[in-house]
Structure formats: structure tokens, C-alpha cells
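Asks: here's a sequence, model it:
(chains A and B)
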Amino acid sequence: KAGVTQTPRYLIKTRGQQVTLSCSPISGHRSVSWYQQTPGQGLQFLFEYFSETQRNKGNFPGRFSGRQFSNSRSEMNVSTLELGDSALYLCASSSGAGNTIYFGEGSWLTVV
Amino acid sequence: AQTVTQSQPEMSVQEAETVTLSCTYDTSESDYYLFWYKQPPSRQMILVIRQEAYKQQNATENRFSVNFQKAAKSFSLKISDSQLGDAAMYFCAYVKQGNLIFGKGTKLSVKP
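Replies: Residues are numbered from 1 along each chain as shown, chains lettered A, B, ... in the order given. As a prediction, the model looks like this:
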């Protein structure tokens, strides 16, 4: 069984641009969540989707958005990038509440 | 608010020795799940162990075991026979509704 796959793995963007990150969950997993990891703030929850519906959202500005498709694949978008958005973005999937959550390798975003 | 506290920013252990990483959490829920994740320099988040709060028996996975004290809201991780490959950041996490809340992490070094 393939694991959680995130693309792209590395990217560099300029301030003011927007970026879209993609995540393919483990086959059969309907819950996909996103996390931002930075040295200063640690691991912070962005949002979680289940069957195309956003169930939970973390404390991030509206520039951060996401969606989930019918095949459970998910994308997150960050508009009007700021230097502080430079981070490792981790996607995770699970088969449901309380079940083990598995992570992808992450997407490294650098904003210059 | 639900919080997770890891009071040891860094720990060091001699190869083949045993080390215990501490974690406390705060929740008003009676049924929940707790995890320990390992993040090596590659930054891949790897599940180490999972504990269901309604189970009194402590979870064990090979050299890894937990000491789960529900009343004290404590969830420590014991690594026995430490190996060089155990060197990593270790994160304790609490989950509710698909949303992982992480501690700040403990950086574990293993000395040969």
C-alpha cells in the first residue's frame, strides 16, 4: 500500500505569489489533514477534510485554504505569500476518527 | 483549551541504555487517543506508538512502551536498548476529531 504522497517536495516562491500543494492519502483513507511546521511555532494544525467537507480549521488567516476531491486527494492553497509562510507543510491521512494518522514526507516551501 | 506539554527540550542516552521521554496533556474529554511520533532529520513523521485512553493497558511496540496515567494526564515514552537510529525529535500528540495537537518536541541524541 502506498503511503501519503505530497507534491511538490520543494518549492521557492516570491512574496505576493500564491502556491498550491497537493496530497494523495493512503488508499481508503477519507480523512486528510494539513499541518504547518516552523522552528518558532512548531507543528500547527491547518485544517482537516473528510469526504470533501472541511470538518476542522486551525487558527490561520483566510489566505490559507484547502479542498478535498471525491477521490480523497487534497490540495491546500496559500495566497499572497509572506516570508513567514516559509515552512514545512505536512499532510496526513487516516481512515477515521481515532484511527492512526499517517504523514507524508512534507512539502518544503521557501518564500523569498 | 487542549494542550500537550513536553518538558524536556533535549535528552541524551547512551547506546543500549533506556530513556524515558515525558509528556503531559490537558483535556476535558474522557475518550481520546494519544500518539508518539518520531521525526528524524529527513523530517518524515513516523508513528512510534498509539494509546487509546479507554484502555488501561499500556501500549508496547517492540523496544518502545508507554506509561499512561490517565488520572494524572501523563503519557511518557520509554525506549529500551537505545539504538543510533533512535536519534530524532519525538513529538507527543493528542487527537480529537482528526486534529492532532502536538507538544513542542524532545530532541533525543544517542551516544555510541
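Asks: up against chain A, what does chain B have?
Replies: B:33, B:35, B:37, B:42-47, B:50, B:52, B:91, B:95, B:97-102, B:104-105 (Cβ under 8 Å from any Cβ of the partner chain). No exception for glycine: its C-beta is placed from N, CA and C like everyone else's.
Asks: which of those are buried? Put it as a PyMOL command.
Replies: A single PyMOL command selects the buried members of the residues of chain B next to chain A (16 or more other Cβ atoms under 10 Å in any protein chain shown):
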select buried, chain B and resi 33+35+37+44+45+50+91+95+98+99+100+101+102+104+105
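Asks: among the residues of chain B next to chain A, which lie within strands?
Replies: B:33, B:35, B:37, B:46-47, B:50, B:52, B:91, B:95, B:99-102 (DSSP state E).
Asks: tell me the bridge partners for B:Val13.
Replies: B:Val110 (DSSP bridges).
Asks: what about it, how many neighbours?
Replies: Counted with other Cβ atoms under 10 Å in any protein chain shown, the neighbours of B:Val13 add up to 19.
Asks: hmm, B:Arg63 and it touching each other?
Replies: No: using Cβ atoms under 8 Å, B:Val13 is not in contact with B:Arg63; the gap is 11.9 Å.
Asks: overlap in contacts, these two.
Replies: B:79, B:82 (Cβ atoms under 8 Å, 6 or more residues apart in numbering or on different chains).
Asks: give me the element B:Ser76 is part of.
Replies: strand B:74-79 (DSSP states H and E).
Asks: that strand: which residues count as buried?
Replies: Buried-residue list, strand B:74-79, by 16+ other Cβ under 10 Å: B:75-79.
Asks: now the residues you listed in a markdown table, with pLDDT?
Replies: Converted to a markdown table, the buried residues of strand B:74-79 look like this (pLDDT from 0 to 100):
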| residue | pLDDT |
| --- | --- |
| B:Phe75 | 96 |
| B:Ser76 | 97 |
| B:Leu77 | 98 |
| B:Lys78 | 98 |
| B:Ile79 | 98 |
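Asks: hang on, the earlier thing: could you list every helix and strand in contact with the strand holding B:Ser76?
Replies: Judged by 3 or more Cβ pairs under 8 Å, 6 or more residues apart in numbering or on different chains; DSSP states H and E, strand B:74-79 is in contact with strand B:19-21, strand B:24-26, strand B:33-39, strand B:46-52, strand B:64-69, strand B:88-96.
Asks: thanks again, I'm all set now.
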